[in-house]
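Trainee: Fold the following for me, if possible:
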Amino acid sequence: MKKLIYAADDEEDIIEVIKGFLENADFDVRTFSTGDALYEAFLEKPCDLAVLDIMMPGRDGLTICKELRKISDVPIVILTAKESETDHMRGFMLGGDDYLIKPFSPSLLVVRIQALLRRVEMSSPAHTSMKFGDIVYSEADHDALCSGRSMGLTMTEFSLLCCLMRNAGSAVSRDDLLDNVWGINNNDIETRVTDETVRRIRRKIRDAGSRVKITAVWGYGYKLEAGDE
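Mentor: The predicted structure follows:
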């Protein structure tokens, strides 16, 4: 069955190009001129991935991203015409999984979407369960638990934590995290995306009351530590 993609952008030319390229890549695509229309459609029938432009009539893409995160861990790609780091980071803080700056290559958007959906498929089967400190990670349930409670991780956060847990106690480079989590190389996505995702996971670990820590290895990457008992 084809994966269902929802894409929202108020620029008709752009949305038509997105639709054409995604359909050529064998996706089922529904397009919207506002984020509000996409959100209403999602409530009726959830999609497999959402593409959201930031600047749209009504509620902007970042607000819609935030609202979707309250009800779903669906992968979200943010589109922005602004080369402002603030916009990019706001998107990630609100739960976005990836972003592209306009003008962008439609082919690159297809690659990013395919990479995100591959991560969903890889995490779905009941392959393994892991425990590190007081965090239990289960691919079968697609969740990470602390003291039996869900930590509320997004798809990207979930994948990155999985990578760190599989290498628990050892440092993992930013480049390796980019390859394993985003499925694309360092030329396509900035390392600050990794840093922001780690920051979000740290906050959720702290909010869950966990003793586990993600420690930065200066100039290299990150490693997972159990923390004090």
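Trainee: Report pLDDT for residue 190.
Mentor: Residue 190 carries a pLDDT score of 60 in this model.
Trainee: Repeat that for residue 42.
Mentor: Reported pLDDT for residue 42: 97.
Trainee: Of all the residues in the helix or strand hosting it, which ones are buried?
Mentor: Using DSSP states H and E, residue 42 falls within helix 35-44. Residues of helix 35-44 classed as buried under the neighbour-count rule (16 or more other C-beta atoms under 10 Å) are 35, 36, 37, 38, 39, 41, 42. Heads up, the C-betas are built off the backbone N, CA and C, glycines and all.
Trainee: what do you get for stretch 194-208?
Mentor: 194, 195, 196, 197, 198, 200, 201, 202, 204, 205, 208.
Trainee: and the fifth one, that one's in a helix?
Mentor: If I follow you right, that is residue 198. Yes - under DSSP: H, G, I helix; E, B strand; the rest coil, residue 198 sits within a helix.
Trainee: List the residues that contact it.
Mentor: 160, 214, 216, 222 (C-beta atoms under 8 Å, 6 or more residues apart in numbering).
Trainee: and the gap between it and residue 143?
Mentor: 19 Å (C-beta to C-beta, to the nearest Å).
Trainee: quick one, strands of this structure?
Mentor: 4-8, 28-32, 49-53, 76-80, 98-101, 129-132, 135-138, 143-146, 149-150, 172-173, 213-217, 221-225 (DSSP state E).
Trainee: Just send those back as CSV, with distance to residue 63, mean neighbour count and mean pLDDT too.
Mentor: CSV is the format used below for the strands of the chain (distance: least, C-beta to C-beta, whole Å; neighbours: other C-beta atoms under 10 Å; pLDDT from 0 to 100):
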stretch, distance to residue 63, mean neighbour count, mean pLDDT
strand 4-8, 12, 23, 97
strand 28-32, 14, 19, 97
strand 49-53, 10, 27, 94
strand 76-80, 12, 24, 89
strand 98-101, 16, 20, 82
strand 129-132, 35, 14, 78
strand 135-138, 31, 19, 81
strand 143-146, 26, 19, 84
strand 149-150, 24, 11, 84
strand 172-173, 33, 19, 90
strand 213-217, 29, 14, 92
strand 221-225, 30, 20, 91
